[in-house]
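Participant: Predicted model follows, preceded by the sequence.
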Amino acid sequence: MKRSLLATSIALTMFSAIAQETPNNKAIETVTIYGNQLKAQEATGAAQYIGEQDLEKFAYTDIQRIIRQAPGVSLQVEDGYGLRPNISIRGVATERSGRITLLEDNVLIAPAPYSAPSAYYFPTAGRMSAFEVVKGPAAITQGPYTIGGAINMLSTPIPSTQSGQVTLEAGQDATYRAHATIGGQNDKGFGYLLEAHQWQSDGFQDIDRSSNDTGLDVTDLTMKLAYAPKNSRHSVELKLQYTDQDSEQSYLGLTDADFADDAQRRYGLSALDNISTEHTQVMLNYAYQINKDLNFTAVAYNNTHERDWFKTEGIDLDGSDNAQDFSSTSWSNVISAINNNEAIGDTSVAMLQGILDGTIDTEAGSIQLRSNSREYYSRGIQFGLNWDKQVGEAKHHIEFGVRLHEDEEDRLQRNSTYQQVDGQLLLSDLGELGNAGNRVQDADALAIHVYDRIELGDWVFTPGLRFEDISQSRTRYTDGAERVFRDDRENDTTVLLPGLGVLYKVDANLNLIAGAHKGFTAPSNSPGAKEEEAVNYEFGFRYNNDALNAELVYFLSDYDNIVGVCTASSGSNCEIGDAFNGDAATVQGIEFLLKTELGQFNGIRVPFNFTYSYIDSEFDTDISGTDFFGDVSAGDSIPYIPESQGQVTIGLEGNKWATYLNAVFVDSVCTRASCDAFEVTDSSFILDVSGSYNVNADLRVFARIENLTDEEDIVSRQPYGARPNKSRTASIGVTYSF
């Protein structure tokens with residue numbers, strides 16, 4: 001009730017302001033945070049804008065390759081395509097990007113951002129026009145995950161004139177991509193955009209004794225309709241988006257010995273593994289220019305997501321033939337036992353390896369596959385007021401925002417059992433629907449933020465305050481398709497998050513920046529688990545002139561409590577959805593960005609970009625007895641956060657052609673705290689090369705080779721075993737604009 005009353009009061013205040021008589025002005029864009037690189041460089045904290053020119057150089061469809069352009073970003077590579085990426089900003093947990101705020105067109109886009117934030121849906125990067133990465137005090141405007149920051153993905157905008165573009169691309173592994181857009185605006189203010197993006201591949205891995213591929217088939221359809229008459233204070237835009245994805249992806253990796261023998265192999269036990277998803281978004285934007293200094297925005301959104309990941313989970317080695325008795329014999333434990341040359345009970349290492357190789361038959365019902373079926377919704381309405389006000393010598397830009405949000409995850413999952421005979425999986429028992437999870441968890445949230453950019457002489461101050469009021473609950477039902485109440489739990493959280501950023505203009509080119517803010521991660525509904533909080537600091541400089549753009553920032557996140565949340569992809573032996581306190585932790589580091597042109601010769605330009613991140617992350621206390629963290633000693637590093645990583649891009653640009661070389665280095669990481677030799681990834685050095693030629697003003701051809709030297713590295717060990725990076729892949733394409 002208190003949330004409804006407060007929201008109503010705020011809305012009435014806003015609309016009373018709207019009722020004032022004001023001159024006509026065009027309404028502002030509502031989907032961006034900064035909108036361009038120049039605005040990002042004026043921020044009081046670290047922020048990056050990756051625009052169309054940056055994206056065009058390599059025409060990547062993999063968000064993991066795109067987002068590395070922003071320093072401070074870490075990745076846990078899983079499938080090689082970025083379908084469900086594990087992204088970290090400034091050392092937060094990588095797990096399914098669940099600790100950063102993910103936005104598309106400035107709207108929360110994770111399937112259930114509060115109740116189940118793991119990004120089992122991630123927008124197709126190949127259809128995006130730009131990416132914004134927000135860190136530091138400015139992140140408090142984007143919550144609820146403000147320790148690391150936010151990524152805002154900008155979809156294709158409606159073009160100002162009637163125009164369109166078609167991109168066709170083909171590559172190795174039967175990889176094909178088609179991306180087409182058409183749209184425009186007329187003199188009466190009507191605008192539209194139609195967009196289709198199709199991406200498919202057979203994949204770069206091979207499954208033992210199977211003709212099934214390991215690829216993907218993704219269809220994206222988008223329509224936008226807008227009305228923004230000239231000289232009107234009003235504008236409205238409707239966005240409808242649909243994504244259908246089918247991919248032959250598995251959680252099952254390899255033992256180290258098998259990886260060394262053939263890194264692109266997949267065991268036949270994963271032959272049936274597949275995930276199918278369907279996502280929809282409806283988004284209605286309204287903007288109203290109240291007067292030349294004040295504007296109002298309102299956005300209503302509704303996202304739905306359905307997924308069913310059918311994948312192998314484990315094996316029953318004790319002969320109990322119990323579909324639920326797989327906790328001690330997950331594939332993670334089997335692979336760990338083989339790596340360490342340790343038997344599991346009476347099952348020898350040789351027999352375990354034979355099961356993986358398909359040379360040993362298993363008992364009926366001994367192998368478990370799970371239909372991880374879930375349905376999500378995420379919906380809400382958010383209001384914003386932006387006010388430019390001169391007070392004495394100080395120029396203010398005040399941003400006030402309110403978001404009312406609700407989301408839900410609904411699980412009704414099935415365990416089925418199989419046996420392996422002559423290397424093939426044969427169904428033993430389909431299992432009862434609901435025997436692997438029958439529950440609903442949901443969240444309601446009210447978020448309010450106030451942010452003031454104050455320009456006073458050579459100084460810029462950005463004080464801000466964020467308020468989050470979150471109610472979460474989970475209801476479990478007894479095993480089976482019927483919803484018979486079993487138990488429930490709930491958790492309510494209210495938090496106030498202050499922040500302050502400062503910028504000092506030393507001269508026309510050099511700015512000093514500093515900031516501090518209280519960071520927050522929305523808690524789970526798990527009883528006894530505290531919310532994740534940290535006090536965050538940053539300071540550095542930004543230099544920019546016509547020839548050079550450089551930024552160096554030191555950051556520190558001082559955690560009161562770092563939280564681990566159990567998911568299937570973590571590979572941990574814990575109940576999915578439970579949260580665990582990791583107590584105090586410290587993450588600090590340096591982010592460096594340099595963009596320049598090394599020179600010109602014979603009319604050929606030589607652009608040069610360099611990003612580097614150093615991150616020192618560690619637990620500050622000993623932890624024991626948790627199924628998620630394991631045994632942790634103070635000083636252990638946080639899993640999957642590399643100490644050093646960097647990217648260098650150098651190019652040659654002529655009037656009609658261009659070629660670029662991109663080199664990425666990433667340190668090895670521990671995949672668990674207090675890690676042993678088989679819980680460490682490889683360091684990696686990957687080279688990509690691209691080239692393009694403009695046949696005329698409308699036609700452009702391009703080519704790309706990813707992983708030029710065909711490096712084979714263990715880039716991850718979760719969920720179940722060693723996983724490779726994508727092998728060398730060449731592609732060629734053409735873009736026609738009209």
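Facilitator: Received it, and whenever you're ready, just let me know what you need. Numbering: from 1, shown residues only.
Participant: The strand or helix carrying Y49 pairs with which strands, parallel or anti?
Facilitator: If you go by DSSP states H and E, Y49 is part of strand 47-50. Neighbouring strands of strand 47-50 in its sheet, by DSSP bridges, are strand 128-134 (antiparallel).
Participant: Dump the C-alpha coordinates for the partner strand into PDB.
Facilitator: C-alpha atoms of strand 128-134 as PDB (Å, rounded to 0.1, in the frame of the first residue of the first chain):
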ATOM      1  CA  MET A 128      22.200  -3.200 -32.000                       C
ATOM      2  CA  SER A 129      23.300   0.200 -33.200                       C
ATOM      3  CA  ALA A 130      25.400   1.100 -30.100                       C
ATOM      4  CA  PHE A 131      26.300   0.100 -26.500                       C
ATOM      5  CA  GLU A 132      26.700   2.200 -23.400                       C
ATOM      6  CA  VAL A 133      28.700   1.100 -20.400                       C
ATOM      7  CA  VAL A 134      28.100   3.100 -17.200                       C
END
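Participant: contacts for it?
Facilitator: 32-34, 40, 47-52, 55, 66-67, 70, 73, 89, 141-142, 149-157 (Cβ atoms under 8 Å, 6 or more residues apart in numbering). Any C-beta I mention is one placed from the backbone N, CA and C, and that applies to glycine too.
Participant: Just the buried residues from these, in PyMOL please.
Facilitator: Selection of the buried residues among the contacts of strand 128-134 in PyMOL, burial being defined by 16 or more other Cβ atoms under 10 Å:
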select buried, resi 32+33+34+40+47+48+49+50+51+55+66+67+70+73+89+141+142+149+150+151+152+153+154+155+156+157
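Participant: Now that Q353 has come up, it's in contact with I338, right?
Facilitator: Yes: if you go by Cβ atoms under 8 Å, Q353 and I338 touch, sitting 5.7 Å apart.
Participant: Mind listing the residues bridging to the spatially closest residue to R307 that is not a sequence neighbour?
Facilitator: Nearest non-adjacent residue to R307, counting by Cβ to Cβ, 6 or more residues apart in numbering: T277, 4.4 Å away. For T277, the beta-bridge partners are Q245, R307 (DSSP bridges).
Participant: how close does T277 get to Q441?
Facilitator: According to Cβ to Cβ, to the nearest Å, T277 stands 19 Å off from Q441.
Participant: between the two, who's got more neighbours?
Facilitator: The neighbour count for T277 versus Q441, taken as other Cβ atoms under 10 Å, is higher for Q441 (24 against 21).
Participant: And for E375, nearest residue in space, chain neighbours not counted?
Facilitator: That would be D410: by Cβ to Cβ, 6+ apart, it lies 4.6 Å from E375.
Participant: what does I360 give?
Facilitator: G354 (3.5 Å).
Participant: That neighbour: how many residues sit nearby?
Facilitator: The burial count for G354: 16, using other Cβ under 10 Å.
Participant: For it, grab phi and psi.
Facilitator: Main-chain dihedrals, G354, degrees, to the nearest 10: phi -60, psi -40.
Participant: Now do it against D616, distance only.
Facilitator: Distance, G354 to D616, by Cβ to Cβ: 43 Å.
Participant: do the same with A43
Facilitator: A43 sits 24 Å away from D616, going by Cβ to Cβ.
Participant: The two: which has the busier surroundings?
Facilitator: A43 (26 against 15).
Participant: which residues touch the more buried one?
Facilitator: Here A43 is in contact with 34, 136, 138, 501, 503, 513 (Cβ under 8 Å, 6+ apart).
Participant: rewinding a little: quick check: beta-bridge partners of the residue nearest to E375?
Facilitator: Beta-bridge partners recorded for D410 (DSSP bridges): E375, V440.
Participant: now swap in T101 and tell me
Facilitator: Taking DSSP bridges as the rule, T101 bridges to A150.
Participant: Brilliant, that's me finished.
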